[in-house]
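>>> Structure for the following, please:
(2 chains, ligands or ions: 2)
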Amino acid sequence: MARAVSSRRKIGFTILGWIVGFLIFFPILWTIIASFKTEAEAIAVPPSFINFDWTLENYITVNTRSDYPLHVMNSVVISVGSTILALCIAIPAAWAFAFSPTKRTKDVLMWMLSTKMLPAVGVLVPIYLLFRDWGLLDTRTGLVFVLCMINLPIIIWMLYTYFREIPVDILEAARMDGASLPKEVAYVLLPMAVPGIASTMLLNIILAWNEAFWTLNLTASNAAPLTAFIASYSSPEGLFWAKLSAASTLAIAPILIMGWFSQKQLVRGLTFGAVK
Amino acid sequence: MGQINLTQVRKVFGATEVIPGIDLDINEGEFVVFVGPSGCGKSTLLRLIAGLEDVSDGKIEIDGNDATRLPPSKRGLAMVFQSYALYPHMTVRKNIGFPLKMAGMEPAEIERKVQHAATTLNLTDYLERRPGELSGGQRQRVAIGRSIVREPAAFLFDEPLSNLDAALRGNMRLEISELHKSLKTTMIYVTHDQVEAMTMADKIVVLQAGVIEQVGSPMELYRFPCNKFVAGFIGSPKMNFIEGPAAEPYNAHTVGVRPEHISLSKESGTWRGRVGVTEHLGSDTFLHIHSDANREPLNIRAQGEFDVAYGDEIFLTPDESRIHRFDANGLAIR
Ligand SMILES: Nc1ncnc2c1ncn2[C@@H]1O[C@H](COP(=O)(O)OP(=O)(O)O)[C@@H](O)[C@H]1O
Ligand SMILES: [Mg+2]
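Ligands and ions are numbered 1, 2, ... in the order given. Below you'll find the model as predicted:
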């Protein structure tokens, strides 16, 4: 009897899960469908779901009007580059917080997190001026740098929580075995932290990929990533729903595919190490 | 190789003074055991020697060189941790070879030494396994293997047997003693178990609250404990302490008699008592006796089988030559 009840509950939860999943996915699905409509059909009321003339014309227009491969390249360089640069800074920092804490460690960690509470627009002007003076506007280097700074607190926090799960005994054993600090990190800490580092990396690539405030404000064309590419189709004076949808679909496709293949690591990353 | 000298070594954690100041000389090739109740600072002292903690004050010399500020990797000491602390992502072969790899040794030479250590420790069949696939005893062996390949100046053990079951513990105790006999390298061994201390040590250092109570060979500590703490800590079952009128004839505040130094008789003796619980082990019989000599029941160890029933009247006679006398401060009167 107990069995029957629990399997009924299971079915209930499964259905509920699918409904929630569909609701969350619906806007994306709608965008993808709209990208195959003509501009007129895209704004038609009531909207049609499947029975319209499917067309690839939006994709053709988008590809002739803008340089999609360039934007993809920019997005890849900026998201991957900023994440790797941030990891290079965050790994030693998280090591220090996790394995050599002082009285102020907690305060420093909270302070770093507090920078995420500052509205980005609050520092737009100074950063814009710095970028202008240093010639970093519309460069990939500049964006890699800014996005690295933006995501650094989160990366350090994530790594810190992962590192704390590693027994300090094992690092001490490495020290006793004659390992210098860099070797201790390279041969013992990093291999043990690979799952944590992988999920941190994935999550932050996605965050950087989707980051729109700084990428829109600090680029024009050369270094513009896919976020700027999408934005260029949301023009106030025209109705370009279908083209905007096509651009959006193209922009999210790479990250969606990557996310699909790395679901397990992402779940681990999003739960901050709470799930083994 | 393996001479270690501590001079006024002190350690504070924040505001708590864990080790107020220790002087200790550990000679080359000695098997030294730090023993004391849990929390008395044994591990801290060992970690200070290892370099895993910085001393707050004082000096540590290894083979005559000042090592006080050297990092652990430069001290040439090997350590076996209570948790074994094996590298979970490496095979047994890689684990044992790790210190040699860190020393920059040739792969062929590493392989030869790992093979040799594995043979000594009966690990040859497990070289390709990961630590997660080994039993507790095997992990312990890998941890020991990892420490011996490098031929360190001294071995440090922090309660290495406390995670093993009783039978395995006895075996490993023998193996470690044997290892010491064959390697003749200095070993410092931390334990809270006085049996391990008695059976393995050349020299026992009894600690309490970060202070050395007494240093000596197992038999010295057994025969001539310098105070009540050492007397009570060394020896099992614990020494009986008798205060009050029964101690007066001996000119002492307290007298101590070990359970094995009291003889029993059904007819006559120094003290009279009643038999409480008896524990028959076959080889020995442990008796708890409520006597008029002391408020606490006395523990008696009788050899072989001893036939008495609960509540029987019995007489006790301490072996006069084995009586320990203590003054009001708990110090031994000699
Ligand atoms: N890192 C530390 N910070 C603060 N106190 C510590 C630290 N390590 C040990 N202690 C304290 O020092 C005392 C001795 O600890 P320890 O050397 O581990 O004892 P033992 O190994 O003899 O059981 C304990 O009271 C413990 O709480
Ligand atoms: Mg300890």
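>>> Look up which helix or strand the residue in the stretch 151-300 of chain B positioned nearest to chain A falls in, please.
In the stretch 151-300 of chain B, the residue found nearest to chain A is residue B:156; the distance is 7.9 Å by C-beta to the nearest C-beta. (Glycine included, C-beta is placed from N, CA and C.) Assigned by DSSP states H and E, residue B:156 belongs to strand B:154-158.
>>> quick one, strands of the stretch 101-250 of chain B?
Under the criterion DSSP state E, counting those that start in this stretch, strands of the stretch 101-250 of chain B are mapped to B:154-158, B:186-191, B:203-208, B:211-216, B:240-243.
>>> Write out the residues of chain B neighbouring ligand 1.
Neighbours of ligand 1 within chain B, by C-beta under 6 Å from any ligand atom: B:13, B:18, B:36, B:38, B:39, B:40, B:41, B:42, B:43, B:44.
>>> Return the closest of those with respect to residue B:241.
Residue B:241 lies nearest to residue B:36 out of the residues of chain B next to ligand 1, by C-beta to C-beta, at 18.9 Å.
>>> Number of residues surrounding that closest one?
Residue B:36 has 26 neighbouring residues, counting by other C-beta atoms under 10 Å in any protein chain shown.
>>> For it, what are phi and psi?
Phi and psi for residue B:36, reported as degrees, to the nearest 10, are phi 170, psi 170.
>>> who touches the closest residue to it other than its chain neighbours in this structure?
The shortest distance from residue B:36 to any non-neighbouring residue, by C-beta to C-beta, 6 or more residues apart in numbering or on different chains, is to residue B:207 (3.6 Å). By C-beta atoms under 8 Å, 6 or more residues apart in numbering or on different chains, the contact set of residue B:207 is B:34, B:35, B:36, B:40, B:41, B:42, B:45, B:213.
>>> hang on, residue A:190 in a helix?
Yes: according to DSSP: H, G, I helix; E, B strand; the rest coil, residue A:190 belongs to a helix.
>>> That one: how many residues sit nearby?
Neighbourhood size, residue A:190 [other C-beta under 10 Å]: 15.
>>> mind checking how far it is from residue A:179?
12 Å (C-beta to C-beta, to the nearest Å).
>>> now do residue B:245
Distance, residue B:245 to residue A:179, using C-beta to C-beta: 63 Å.
>>> What segments of chain B are helices?
For chain B, applying DSSP state H gives helices covering B:42-50, B:92-102, B:107-120, B:136-148, B:166-183, B:194-200, B:218-223, B:228-233.
>>> Over to the stretch 151-276 of chain A?
Ranges of helices within the stretch 151-276 of chain A are A:168-176, A:181-183, A:190-210, A:213-218, A:226-231, A:241-261, A:263-270, based on DSSP state H, counting those that start in this stretch.
>>> Can you say which of these is nearest to residue B:73?
Residue B:73 sits nearest to helix A:168-176 of all those, at 5.4 Å, using C-beta to C-beta.
>>> I'd like to know which elements that closest one is packed against.
Helices and strands touching helix A:168-176, by 3 or more C-beta pairs under 8 Å, 6 or more residues apart in numbering or on different chains; DSSP states H and E, are strand B:77-80.
>>> and the strand it packs on, what other elements does it pack with?
helix A:168-176, helix B:42-50, helix B:136-148, strand B:154-158.
>>> didn't residue A:53 look like it was pressed against residue A:44?
No: if you go by C-beta atoms under 8 Å, residue A:53 and residue A:44 don't touch, sitting 11.8 Å apart.
>>> one step back: so can I have a markdown table of the contacts of residue B:207 showing pLDDT?
Below are these laid out as a markdown table (pLDDT from 0 to 100):
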| residue | pLDDT |
| --- | --- |
| B:34 | 96 |
| B:35 | 96 |
| B:36 | 94 |
| B:40 | 94 |
| B:41 | 94 |
| B:42 | 95 |
| B:45 | 96 |
| B:213 | 96 |
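>>> Just the buried ones from the residues you listed?
B:34, B:35, B:36, B:40, B:41, B:42, B:45, B:213 (16 or more other C-beta atoms under 10 Å in any protein chain shown).
>>> Next up, the contacts around the fourth one.
When contacts are counted by C-beta under 8 Å, 6+ apart, residue B:40 is found next to B:207, B:208, B:209, B:210.
>>> count of neighbours near residue 32?
In the absence of a named chain, this looks at chain A. Counted with other C-beta under 10 Å, residue A:32 comes out at 15.
>>> actually chain B
By other C-beta under 10 Å, 23 other residues sit near residue B:32.
>>> partner residues bridging it?
residue B:188, residue B:203 (DSSP bridges).
>>> right, and it touches residue B:206 too?
No: assessed by C-beta under 8 Å, residue B:32 is found out of contact with residue B:206, at 11.6 Å.
>>> can you redo the strands of the stretch 101-250 of chain B as JSON lines with distance to residue B:116?
Listed next are the strands of the stretch 101-250 of chain B as JSON lines, based on distance: least, C-beta to C-beta, whole Å:
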{"stretch": "strand B:154-158", "distance to residue B:116": "17"}
{"stretch": "strand B:186-191", "distance to residue B:116": "19"}
{"stretch": "strand B:203-208", "distance to residue B:116": "29"}
{"stretch": "strand B:211-216", "distance to residue B:116": "35"}
{"stretch": "strand B:240-243", "distance to residue B:116": "50"}
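>>> Looking at those strands, which is nearest to residue A:253?
When these are compared by C-beta to C-beta, strand B:154-158 sits nearest residue A:253, at 55.2 Å.
>>> if we can go back for a sec, quick one, what contacts the residue of the stretch 151-300 of chain B closest to chain A?
Listed by C-beta under 8 Å, 6+ apart, the contact partners of residue B:156 are A:176, B:46, B:49, B:50, B:77, B:78, B:79, B:80, B:187, B:188, B:190.
>>> domain assignment for chain A?
Residue ranges for the domains of chain A, per automatic domain parsing: A:2-59, A:67-269.
>>> Go through these and find the least confident stretch.
Here the lowest mean pLDDT among those goes to domain A:2-59, at a mean of 86.
>>> Name the residues of the stretch 151-276 of chain A found near chain B, please.
A:167, A:169-170, A:172-180, A:183, A:187-188, A:191-192 (C-beta under 8 Å from any C-beta of the partner chain).
>>> go again using 10 Å as the cut-off
Residues of the stretch 151-276 of chain A that fall close to chain B, judged by C-beta under 10 Å from any C-beta of the partner chain: A:166-181, A:183-184, A:187-188, A:190-194.
>>> Now do the contacts for the closest residue to residue B:83 other than its chain neighbours.
The shortest distance from residue B:83 to any non-neighbouring residue, by C-beta to C-beta, 6+ apart, is to residue A:169 (5.0 Å). By C-beta atoms under 10 Å, 6 or more residues apart in numbering or on different chains, residue A:169 lies in contact with B:52, B:79, B:81, B:82, B:83, B:84, B:85, B:86, B:158.
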